[in-house]
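J.: Just a sequence and a predicted model for now, questions to come.
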Amino acid sequence: MKDDASARTVAVWVLIFLLVFLGLNAAVAGATFIIAPDGHLIQMPLSNLKNAPFSNFLIPGLLLFLFIGVYPIGIAYGLWKLPSWKWPDVLNPFKRMHWSWAGSLAAGVAAMIWIIVQIQWLTVSLLHILVFAWGVAILIVTLLPGVRRYFTLQR
């Protein structure tokens, strides 16, 4: 792992961007649902939840805000600053890699799972396709050899 920001490849910066963009959009959407669980702030009718186990958007909004919003932003921070925190390594299954690299894989998978679960209850829309593709893009960029090399720990 390199400590020098100038050693970051374009792919590393793209990964950071993908996570920040996903996180900011999800945090705003999630916060909107938390503030207005009836969905009126973004013209999302409660009738969209007729097949879902929720009576309003509060719980989905909280999940969206935390796991697809805040989490990817935190991982992007880790990719950018490379903090040597020990506590995230407890959950890191890839001990040769910085914890934020493993976290970026998880963020991509989380976005994809979010959409897969969502389309069980909602009609598939262009937004679903874009968010799923965004999750796939996060996985692909995370797995690029240059990105893997950058986040490999020197032991």
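T.: Yep, that arrived. As the structure is a computational prediction, the values presented were derived from the model and not from experiment. Residues are numbered from 1 along each chain as shown.
J.: C-alpha only now, for contacts and for neighbours.
T.: Noted.
J.: Do a quick rundown of the helices in the chain.
T.: Using DSSP state H, the helices of the chain run over 10-35, 58-63, 71-81, 99-118, 126-143, 145-151.
J.: Can you name the residues in contact with the fourth one?
T.: When contacts are defined by Cα atoms under 8 Å, 6 or more residues apart in numbering, helix 99-118 is touched by residues 19, 67-68, 71-72, 75-76, 78-79, 82, 88-89, 92-94, 128, 131-139, 142, 148, 151.
J.: Repeat that for stretch 39-53.
T.: 32-33, 38, 55-57, 121-122.
J.: Just the endpoints, please. Distance across it?
T.: Stretch 39-53 has an end-to-end distance of 16 Å (Cα to Cα, to the nearest Å).
J.: Next, the buried residues of it.
T.: For stretch 39-53, a neighbour-count test (16 or more other Cα atoms under 10 Å) marks Gly39 as buried.
J.: Give me the neighbour count for Ala27.
T.: As a burial measure, Ala27 scores 25 neighbours (other Cα atoms under 10 Å).
J.: Next: Leu144.
T.: Residues near Leu144, counting by other Cα under 10 Å, number 12.
J.: what about this structure, any weak spots by pLDDT?
T.: 1-6, 155 (pLDDT under 70).
J.: ok so, going back, pull out the buried residues from the contacts of stretch 39-53.
T.: By neighbour count, with 16+ other Cα under 10 Å, the contacts of stretch 39-53 hold 32-33, 38, 56-57, 122 as buried.
J.: Setting aside sequence neighbours, what's the nearest residue to Val28?
T.: Ranked by Cα to Cα, 6 or more residues apart in numbering and with sequence neighbours excluded, the top spatial neighbour of Val28 is Phe65, at 7.4 Å.
J.: contacting residues for Asn56?
T.: Shown in contact with Asn56 (Cα under 8 Å, 6+ apart): 37-39, 46, 49.
J.: at 7 Å instead, please
T.: 37-38, 46 (Cα atoms under 7 Å, 6 or more residues apart in numbering).
J.: Same check on Gly69?
T.: By Cα under 7 Å, 6+ apart, Gly69 lies in contact with 22-27.
J.: any chance of the residues you listed in a markdown table, plus distance to Ile116?
T.: As requested, these are exported to a markdown table (distance: Cα to Cα, whole Å):
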| residue | distance to Ile116 |
| --- | --- |
| Leu22 | 16 |
| Gly23 | 18 |
| Leu24 | 20 |
| Asn25 | 18 |
| Ala26 | 16 |
| Ala27 | 19 |
